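**Q** based on what follows, work out the 3D shape:
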Amino acid sequence: MALVLMSGLRGGVGTTTLAANLAMTVAAAGRSAVLLNLSSSSTIGLHFGLDPLQPLPGFDAPAAAAGPVHGVRLLDATLQARSGDLGDGLSSGDFSFDGDVIHIVDLSGVDDGIAAQLRSHANIEICVLTPSAECLYSLPAALEALPDSAAFLLNRSDDTRRLGRHIANFSRELLGERLIATVQADEAVGEAAAMMQPLARHAPASAALADITALATRLTGLATRSQDRATMSDLPAQSDAA
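**A** Below you'll find the model as predicted:
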C-alpha cells in the first residue's frame, strides 16, 4: 500500500487537479486507488464529471456506497479530520491504510493540525509548487515547516518563459533530489477541468498527462516494494521530464 499526501506550497498551484488526475492514472494502470478529500470547499468531483456541490461518500461508507468513478473511490473524511477521529483512529490502529490500495490525500484547504494527523502515517508527502515569484518567496519557509522527508513537484513548468525558466532552475538547484517530478504547463489541463472530464479522456496526448503518468508509475513502484515510510531514495528513478 501507499499513503500519498498532496499539499500545495500556496493556494492555486493545482494540487487538487494533480491529485485527481494522479489517482485516475494510478487506477488506469490497474492499481486500486482511493482519493481522500479533507476540505468542505474542495472541487475534486469536478475532475470526475461530478457536480462539485455533490457530497462525496463518507470515509466510513461501505464499498457498495462508494463505487469507483473513473476507477477511483472518492471518499470524504472532512468530519473525521476536523474532530480528530482520523488521527486517533490511525494511532490506535482502529483503522489503517494497509492493503493493496494507493491512497492519495488532497490536503488543499486544510490547516496544519489536520495535515499533522496523517503525516506520521504517510509513505510520502508531495508539496506542489509552480515557477512563480510567490512560490519562490514561500519556498524557504516551506522547507522549514515541512518534514525532511517531504518531496516537491514543480507544476505548470514552462521553459519558454524567462522568469519561469529561471525560477524552475533555481528550484531544481535548491531542492535537488527532493524535486521528484515536473509537470509541464499544458492548456489541456484547464480545458479538461472546465469540461468536467478526466485529462486522459479529453487530451490523451497531453504533455502534462505524460508527466503525471511517469509519477504514477513511480508511486506504484513505491507501493509494491515496501510497507515502510518512504524516503526519496525509495522511489524508482524519475523520468527525464523531472
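
**Q** tell me which residues of whichever strand or helix holds Y137 are tucked away?
**A** Using DSSP states H and E, Y137 sits within helix 133-145. Within helix 133-145, the residues that count as buried by 16 or more other Cβ atoms under 10 Å are C135, L136, L139, A142. For every residue, glycine as well, the C-beta is placed using N, CA and C.

**Q** for the protein, longest helix please?
**A** helix 207-225 (DSSP state H).

**Q** which secondary structure elements does that helix contact?
**A** Under the contact criterion of 3 or more Cβ pairs under 8 Å, 6 or more residues apart in numbering; DSSP states H and E, helix 207-225 touches strand 2-8, helix 15-28, strand 101-106, strand 179-184, helix 187-194, helix 199-202.

**Q** for those, give me a markdown table that also has mean pLDDT and distance to G89.
**A** Output for the helices and strands packed on helix 207-225, formatted as a markdown table (pLDDT from 0 to 100; distance: least, Cβ to Cβ, whole Å):
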| stretch | mean pLDDT | distance to G89 |
| --- | --- | --- |
| strand 2-8 | 92 | 14 |
| helix 15-28 | 95 | 22 |
| strand 101-106 | 93 | 14 |
| strand 179-184 | 96 | 29 |
| helix 187-194 | 95 | 32 |
| helix 199-202 | 94 | 33 |
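
**Q** which stretch among these comes nearest A216?
**A** In terms of Cβ to Cβ, the element of the helices and strands packed on helix 207-225 nearest to A216 is helix 15-28, at 4.1 Å.

**Q** could you point out which element follows the closest one?
**A** That would be, after helix 15-28 and using DSSP H and E, strand 32-37.

**Q** which phi and psi values does G71 adopt?
**A** G71 adopts backbone torsions of phi 90, psi 0, taken as degrees, to the nearest 10.
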